[in-house]
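Participant: Fold the following.
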Amino acid sequence: MDIKKVTLAAALMGLSMGAQAAVHTFSDTFASPLIVDDSAESTTLDVGIISGDITDVNIILDFVKCAGSVSGGNCVDKVNNAYIHEIGFLLESPSGTEVNLITTSTYASRDAGARVTMTLDSDSANLLGGFTLVSGTYRPVGDLSSLNDESVSGTWKLSFSDAAAGDPLGLNGWELVITTDVAAVPVPAAAWLFGSALLGLVGLRRKAKK
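Facilitator: This next block holds a predicted model:
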């Protein structure tokens, strides 16, 4: 068997039969933070028709937790420590699958209060929790891979909550980074003809050498 022929044929077939990954980003930011204080709210992102099924989901949260008031997306007039164990975030897919991102008591007790940007990725080795809110990449409480094989199209909902009054939680914005598998575009007929010609040339060269 001519390995060169097999390699070339396999490469051409791969162009038409293989699957490719596509990364989609959807985001929303708020001129004034969405505030909850001993309450819960939700916000949504509507995604149009996109081919392929989900293979990976990451979510980025920009939020602030304050003991005082919130202005311009940041803490002002700090009077005491913020009870960061009160916060909660939950993502719901268009198919209705819910994933807990941060739950009450994920964090411990109190913190000075801060604005942070967290990327939640189920492949991260960094666990959420502790006594301080710090920007970075973390593994969420729930498993975002439970969204794999679903459709990305439709309405995504982010719910967020604060369990007690006096130290509000403010959502400044959020972003979804979703990877889908998509079928590759078939190789045009011209490419197949070109490949066939190359295979023919390889065969003629082998005969000439003999």
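
Participant: alpha carbons only for contacts and neighbour counts from here, please
Facilitator: Fine.

Participant: Following element in sequence after the helix or strand of the chain with the lowest mean pLDDT, please.
Facilitator: Across the helices and strands of the chain, the lowest-confidence element by mean pLDDT, DSSP states H and E is helix 3-17, at a mean of 41. Sequence-wise, the next helix or strand downstream of helix 3-17 (DSSP states H and E) is strand 19-36.

Participant: What's the first helix or strand after the helix or strand where residue 137 lies?
Facilitator: Applying DSSP H and E as the criterion places residue 137 in strand 136-138. Next in sequence after strand 136-138, counting helices and strands by DSSP H and E, comes strand 154-162.

Participant: Need the residues that contact the strand holding residue 137.
Facilitator: For strand 136-138, the surrounding residues in contact (Cα atoms under 8 Å, 6 or more residues apart in numbering) are 117, 118, 119, 120, 121, 122, 124, 125, 126, 127, 128.

Participant: Each with direction, which strands does that strand pair with?
Facilitator: Strand pairing for strand 136-138, using DSSP bridges, gives strand 114-120 (parallel).

Participant: what's the offset of the partner strand from the middle of its chain?
Facilitator: Distance, stretch centre to chain centre, for strand 114-120: 14 Å (Cα atoms, centre = their mean, to the nearest Å).

Participant: which residues sit against it?
Facilitator: 58-66, 73-75, 101, 133-140.

Participant: From these, keep the buried residues only.
Facilitator: 58-66, 73-75, 101, 133, 137-140 (16 or more other Cα atoms under 10 Å).

Participant: in which helix or strand would I find the most centrally placed residue in the chain?
Facilitator: The residue lying closest to the centre of the chain (Cα atoms, centre = their mean) is residue 58, at 2.1 Å. Element membership for residue 58, per DSSP H and E: strand 53-65.

Participant: From the contact counts, what lies against that strand?
Facilitator: Judged by 3 or more Cα pairs under 8 Å, 6 or more residues apart in numbering; DSSP states H and E, strand 53-65 is in contact with strand 74-76, strand 114-120, strand 169-183.

Participant: what about residue 52, how many residues close to it?
Facilitator: Close neighbours of residue 52, defined as other Cα atoms under 10 Å, add up to 20.

Participant: Let me fix that, I meant to ask about residue 48.
Facilitator: Residue 48 has 10 nearby residues by other Cα under 10 Å.
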